[in-house]
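**Q** Model the structure of this input:
(one chain, ligands or ions: 1)
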Amino acid sequence: MNASPIDWASWSAPTHATLMFVVRDGEILLIEKKRGLGAGKINGPGGKIDPGETPLECAVRETEEELHIHVKRPRKMGELHFAMSDVPDILCHVYLAHDFDGRPTETDEAKPLWCRIDDIPYDRMWSDDIHWLPLMLDRRTFLGRFVFDGEEVGWFEMEKDVFWKSEG
Ligand SMILES: Nc1ncnc2c1[nH]c(=O)n2[C@H]1C[C@H](O)[C@@H](COP(=O)(O)OP(=O)(O)OP(=O)(O)O)O1
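**A** Numbers count the residues shown, from 1 in each chain. Okay, the predicted model is just below:
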């Protein structure tokens, strides 16, 4: 691929956000996002980090708010650095869990959707997802850098097997 149009060494994002994925019995718990950035797309639950909140606290809170479940023992699997063309840049922390309390419930923010791991609807998701979600499902950690042109990925690179310090 061409050289990056972004100097990633000096890049920083004004928006920090999270994503949480629950994988159990060969299925992944996704959402149909009903509002906010990415409304209409399929994604994991998640959202923007509040002031004073850690990324892990945010991922757990957003999952509770959007699906009314409490995830157990989430592990940080990756970071996604999004240089955007039409909204402020985003740094997103990605978590994986295998267990939770509660029953996934539709809220005004999200509709739960269990998908078989081999039948994930990438064509209804953000266009970066296909570059890192399969890696995460193979239990590999990652750092993805993406330059978006509107809704499309114009440039990207993936670092694999990145060490992320455990939190909490
Ligand atoms: N490119 C891409 N791929 C996968 N996931 C995402 C992106 N860009 C993104 O922003 N996201 C994720 C990261 C977050 O989980 C959401 C965006 O957060 P948002 O819904 O705007 O945050 P909330 O705090 O829930 O929303 P408001 O309350 O501010 O409306 O998408």
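
**Q** all strands for this protein, in order.
**A** Along the chain, counting by DSSP state E, strands occupy 15-24, 27-33, 42-43, 46-48, 69-72, 75-83, 90-97, 99-102, 110-116, 142-149, 152-160.

**Q** Compute the number of surrounding residues for Phe100.
**A** The number of residues packed near Phe100 is 21, by other CB atoms under 10 Å. Using the backbone N, CA and C atoms, a C-beta is placed for each residue, glycine as well.

**Q** just Glu57 next, same as before
**A** 15.

**Q** Equivalent analysis for Arg75, please.
**A** Neighbour tally, Arg75, other CB under 10 Å: 15.

**Q** what's the answer for Phe156, then?
**A** By the criterion of other CB under 10 Å, Phe156 has 20 neighbours.

**Q** That one bridge partners, please.
**A** Going by DSSP bridges, Phe156 is paired in beta bridges with Phe146.

**Q** residues in contact with it?
**A** When contacts are counted by CB atoms under 8 Å, 6 or more residues apart in numbering, Phe156 touches 1, 128, 131, 144-147.

**Q** Tell me where the model's unsure across this structure.
**A** Scanning the chain for pLDDT under 70 picks out 1, 168.

**Q** List just the one of the strands of the chain that sits closest to the ligand.
**A** The ligand lies closest to strand 46-48 among the strands of the chain, at 2.6 Å (CB to the nearest ligand atom).
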